[in-house]
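Asks: Quick one: sequence and predicted model below, then my questions.
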Amino acid sequence: MRDTHSPPRAAGLGWALVLFGVILLLCGAALALGGAKLISLGGSWYYLPAGVGLVLAGVQYARRRPSGLAWLALVFIASVAWALAEVGLDFWQLLPRLVLLAVLMMFGLLLAPRIGFGSRGSYSGAGVLFVALLATLAAAFVPHGVTRPSGAAQAAVASEAAKGPAEDWKYYGRTPHGTRYAPVDQINAGNVKQLEVAWTFRTGRDTKGMTEDQNTPLQVGNTLYACTPHNVVFALNADTGEQRWKFDPQAKSPLWQRCRGVSYYDASKASAAPSTPAAPGASASCAQRIVMTTIDTRLIELDAATGQPCAGFGNNGTVDLKAGMGQVDPGFYFQTSAPTVVRDLIVVGGWVWDNVKVGEPSGVVRAFNASTGALVWAWDMGNPAITAEPPPGQSYTRGTPNVWSTPAFDEKLGLIYLPTGNETPDFWGGKRSKAAEEFSASVVALDIATGRERWKFQTTHHDVWDYDVPAQPALYDVKSKDGQSVPALVQITKRGQIFMLDRRDGTPIAQVEEKPVPQGAAQGDFLSPTQPYSVGMPAIGANTLTEADMWGITPFDQLMCRIAFKGLRYEGEFTPPNTTKSLQYPGFYGGMNWGSASIDEQRGWLIVNDMRIPQVVQLIPRDETEARLAAKKAGQDGHAGLASQEGTPFGADKNMFMSVLGVPCHKPPFGAMTAVDLNTRQIVWQVPMGTVHDTGPVGMPTRLNLPVGMPTLGGPVSTQGGLVFYAGTQDYYLRALDTATGDELWKGRLPVGAQATPMTYVSPDSGRQYVVISVGGARGSPDRGDYIIAYALPKKN
C-alpha cells in the first residue's frame with residue numbers, strides 16, 4: 001500500500017531509477033553469465049539465478065515498477081541464506097558474498113518511494129542496512145579467525161618459567177639448537193609499548209635487481225655483525241650502531257643475491273683434535289673470526305676485530321668452494337645461508353638454480369678446518385666413497401639434492417642435522433638418481449667428526465612439488481608419555497606438516513602415518529603411492545580447498561576464482577603436475593619457509609609463521625617450452641613463471657593462483673602466526689599476521705590496517721619477557737606479540753617492509769636490551785631500503 005505522502009511513481013529522480021536499473025542489470029548479467037559457466041564446470045548453482053534476479057530487478061527499476069524492489073529483496077534474502085549455509089559466520093568469506101548486495105539493497109530502498117513504496121519503511125530499512133555496513137566496516141579492522149589459548153595453557157606457563165643466562169647471539173638461530181629463544185626480559189609484555197628507535201644504520205647497499213635483504217645479524221660482546229645481499233659485512237657498535245669496520249668481497253651473481261647471515265669462530269679456543277688441527281700461530285691476529293660465504297662461491301674468514309682477511313685461512317683468507325664441483329656456470333651454485341661453525345669445523349652446503357636443467361652442480365656438503373681452511377670431510381650422497389676431494393678428473397656427484405638452508409647441531413650427541421632439497425628440476429623426476437629418491441626433502445643426521453650418515457627421515461617421497469625442507473631444524477627436549485625427557489628435533493616444512501623426531505635416531509616422537517595420495521604422473525615419471533603425514537602434530541595451513549573457499553573482493557572476482565578453481569585439476573595435497581593445469585596447495589613457497597621457527601623454551605611452545613598461497617602448475621611439452629622461451633627472450637611472451645627444465649620432456653609453467661585484481665583466489669588468512677604446545681601437541685593460539693596497509697588490489701596500497709593476514713617470510717623470535725618479535729609481513733611494521741595469547745602488544749613503523757628474522761641481545765657495556773631488524777623491503781614490494789634498526793626502551797627506564 002502506497003503512503004499517501006509519497007510522491008507519484010513518475011515524479012523526480014527518474015534518471016536515478018534508470019541508472020540504478022542499468023547497474024543492477026549489468027551486475028546481474030555478469031553473475032548470470034559467469035554462473036552459467038560455473039554450472040557447466042559442475043560448480044555452484046547460486047550465481048545464475050541470483051544474476052537473473054538482479055537483471056529482472058534492474059529492468060523493473062528502470063521501468064519504475066514496484067516489483068523491482070521485490071526482485072532485489074528476494075535476491076538479497078536468498079543470498080544471505082545461501083552465504084550462511086555455505087560459509088557460516090566466516091567474516092572474510094561473507095564480505096564478497098553480501099556487502100555489494102547490501103549496498104545495492106540499501107540504494108534500492110532509498111529509491112523505493114519513487115516506485116510506489118512508503119518512505120518511512122523504505123528509509124528505515126535503508127538506515128538499518130547503512131548501520132550494518134558501518135558495523136561491518138568497523139569489524140574489518142578486528143582480527144578474525146583467531147584461536148585463543150585455554151586457561152589451562154596459560155596457567156601451566158606461570159609454573160614453568162625459568163630464566164637462563166643472557167648469552168650472546170652467536171649463531172643464526174642464536175644457539176646451535178636453532179630455537180631463536182632469548183632468555184632476556186628487560187623488554188617484556190608490561191613495558192614493550194614504550195619501545196623506541198635506539199639507532200639506525202644505513203648500509204648503502206645496491207637495492208636494484210633480485211636482491212633481497214634477509215640478514216639476521218650476529219652479536220658477540222659489544223659488536224654486531226651484519227651482511228648485505230652482496231655479502232658486504234659490517235661490524236657495528238652494539239649500543240650505538242656506529243660502524244667499526246666494513247669488508248666488501250666484491251661478490252657478484254646474475255641472480256638471487258642474498259645473505260641470511262655470517263658465522264663466528266673463536267680460533268683461540270681451537271681444539272687439538274687430529275681431524276681439526278689448529279692454525280699455526282693463531283694468536284692475537286684473527287683470534288676471533290667472522291666466517292662468511294659469498295654469492296660467487298667463496299668461503300672467507302675475517303678478523304672479527306678489524307675486518308681484515310685471515311691470511312692463514314685458505315689462500316689469504318679465502319677458500320674456493322667451486323673446487324671439486326666440476327662445471328659451475330655463474331649463478332648456478334652458491335651459498336645464501338650462513339655457514340655452520342661446529343667445533344673446529346665450518347660446514348657448508350649450497351643453493352642451486354633449480355628448475356633450469358638436469359645435472360646441475362652437486363649437493364655435496366663439506367666441512368673445512370675452521371683455522372686453516374683445509375677440507376676435512378665431504379658427504380657426497382651420490383657417491384659415499386668420496387669422503388674428501390674427488391679423484392683427479394672427477395667431481396662430486398652432479399644433480400644430487402642440496403642443503404641450501406641452515407643446519408642445527410647437537411654437540412653432546414655429535415650430530416649435525418641437515419635439511420635437504422630435491423634434485424633439480426623440481427616438477428618432473430623421471431630421471432632422478434637413487435640418491436635423490438633416498439635423500440631429497442629429508443632431515444639427515446651426520447656425524448660431526450666424520451661426515452658419515454647416522455640416520456635420515458624423509459618428509460616427501462619422490463618430490464615433484466618443490467617441497468624441499470626449507471627451514472633450520474629446532475632442537476628441544478620434550479616430555480614422553482611417562483614423563484621422561486626426550487631429545488627432540490622439530491622440523492617445519494613447506495607442506496605445513498610439523499615433524500617431531502627423536503634426534504638420537506630419527507624415530508618419530510609424534511606419530512607419522514603414510515597416507516594414500518593422488519596418482520596420475522606425467523609421461524615418463526612416477527609417483528609415490530603414499531606420503532608421510534605427521535598425524536601426531538597439528539598441520540598448519542594445509543586444509544583441502546573447496547570451491548566454497550574461493551574468495552575475492554567482490555562477487556565478480558570471487559566468481560571468476562570459482563570458475564578458475566573448477567577448471568583446474570585438484571584432488572587435494574599432492575595433486576601431481578601434468579600437462580593439464582593443476583592446483584598445488586600448500587604451495588612451493590610454503591607453508592613454512594627459510595625463516596624457520598622459534599621455541600619458547602620456558603613454555604615448550606613452538607612459535608611458527610606460515611604463508612598460504614596456492615600455485616597453478618602445468619607441464620609444457622619440450623617443443624612448446626623452447627618456443628615460449630625463445631619468444632620470452634625476444635620480449636614477445638609474458639610467461640614469467642616458465643621454467644625450462646632442460647633434459648626432461650617438459651618445461652614447467654608455474655604461477656600464483658590470483659584473481660584478476662591481484663589478490664589470492666582463496667579465503668584469508670594468507671599468513672598466520674601459530675603457537676603449538678610441544679608436550680600436548682595442540683595449537684595454543686593462532687592469529688592472522690599483517691594488514692593490507694602497504695599493499696592491495698592491483699598492487700595499490702590501501703593504507704588501511706585491515707588484519708586480513710598476509711603471506712609471511714622470515715621467522716619469529718621469542719624471549720623470556722613473554723614476547724614474540726616478528727617483521728616479515730607485507731606491511732611495514734615490526735610487531736611484538738604476547739607469547740601467552742598471540743595478542744599484538746606493540747608495533748613499530750618501518751621505513752620499508754622487512755623479510756628478515758629479528759634478533760635481540762643485552763649489551764655487555766650498557767646493560768640495555770635491543771631488538772634489531774634488518775629492513776630491506778618486503779618480498780614483492782617495490783619499496784626497497786638499506787636499514788638496520790635497533791629498538792630499545794627509553795634510557796630513563
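Replies: Thanks, I have it.
Asks: what's the offset of stretch 671-683 from the middle of its chain?
Replies: 17 Å (Cα atoms, centre = their mean, to the nearest Å).
Asks: show me where pLDDT drops low in the stretch 301-450 of the chain?
Replies: Counting by pLDDT under 70, the stretch 301-450 of the chain contains no low-confidence range.
Asks: can you map out the strands along it?
Replies: 318-320, 333-334, 340-342, 345-348, 351-352, 365-369, 375-379, 408-410, 415-419, 442-447 (DSSP state E, counting those that start in this stretch).
Asks: For the residue nearest the centre of the chain, give me its contacts.
Replies: With distances taken as Cα atoms, centre = their mean, Leu713 lies nearest the centre of the chain, 4.0 Å away. Going by Cβ atoms under 8 Å, 6 or more residues apart in numbering, Leu713 touches Gln214, Asn593, Trp594, Gly595, Met611, Gly728, Gln755, Ala778, Arg779. All C-beta spots, glycine's among them, are computed from the backbone N, C-alpha and C.
Asks: quick one: which of the strands of the stretch 301-450 of the chain is nearest Arg205?
Replies: strand 333-334 (17.6 Å; Cβ to Cβ).
Asks: Not counting its own residues, what contacts the closest one?
Replies: So strand 333-334 is contacted by 253, 293-297, 321-322, 325, 350-353, 360-361 (Cβ under 8 Å, 6+ apart).
Asks: Tell me the most packed of these, by neighbour count.
Replies: Compared across these, Thr293 has the highest neighbour count, 29 neighbours, by other Cβ atoms under 10 Å.
Asks: Just the closest of the contacts of strand 333-334 to Val59, please.
Replies: The closest of those, once distances to Val59 are taken by Cβ to Cβ, is Trp353, at 58.6 Å.
Asks: any idea of the pLDDT on the residue nearest to the centre of the chain?
Replies: The per-residue pLDDT reported for Leu713 equals 95.
Asks: that older thread, and the contacts of strand 333-334, which two are furthest apart?
Replies: Maximum distance among the contacts of strand 333-334 (Cβ to Cβ): 18.9 Å, for Thr294 and Glu360.
Asks: okay, and for this structure, where does confidence drop off?
Replies: 1-12, 152-166, 272-284, 636-639, 797.
Asks: Have a look at it and report its longest helix.
Replies: When the chain is parsed with DSSP state H, its longest helix is helix 14-40.
Asks: Same question for that one: list its buried residues.
Replies: 17, 20-21, 24-25, 27-28, 30-32, 34-35, 37-38 (16 or more other Cβ atoms under 10 Å).
Asks: Val192: what's it in contact with?
Replies: Gly721, Leu723, Ala736, Leu745, Trp746.
Asks: Quick one: neighbours of the first one, just the number.
Replies: For Gly721, the number of neighbouring residues by other Cβ under 10 Å comes to 21.
Asks: where does it sit relative to Gly595, distance-wise?
Replies: According to Cβ to Cβ, to the nearest Å, Gly721 and Gly595 sit 21 Å apart.
Asks: before we move on, what about Gly635?
Replies: 35 Å.
Asks: try Asp677
Replies: Taken as Cβ to Cβ, the span from Asp677 to Gly595 is 21 Å.
Asks: ok, those two, which is more surrounded?
Replies: Neighbours were counted for Asp677 and for Gly595 using other Cβ under 10 Å; Gly595 has more, 29 against 19.
Asks: Tell me the gap between stretch 595-609 and the middle of its chain.
Replies: 16 Å.
Asks: Equivalent analysis for stretch 626-639, please.
Replies: 30 Å.
Asks: again, but for stretch 135-145
Replies: So, by Cα atoms, centre = their mean, the centroid of stretch 135-145 is 25 Å from its chain's centroid.
Asks: Next, the distance between the ends of it.
Replies: 18 Å (Cα to Cα, to the nearest Å).
Asks: now swap in stretch 565-577 and tell me
Replies: First residue to last in stretch 565-577 (Cα to Cα) measures 15 Å.
Asks: so where does Asn188 fall, helix or strand?
Replies: Following DSSP states H and E, there is no helix or strand that holds Asn188.
Asks: what's the distance between the residue nearest to it when sequence neighbours are not counted and Phe650?
Replies: Nearest non-adjacent residue to Asn188, counting by Cβ to Cβ, 6 or more residues apart in numbering: Gly721, 3.4 Å away. Counting by Cβ to Cβ, the gap from Gly721 to Phe650 is 52 Å.
Asks: Glu360: what's it in contact with?
Replies: Contacts of Glu360 (Cβ under 8 Å, 6+ apart): Phe332, Tyr333, Val352, Trp353, Asp354, Arg398, Gly399, Thr424.
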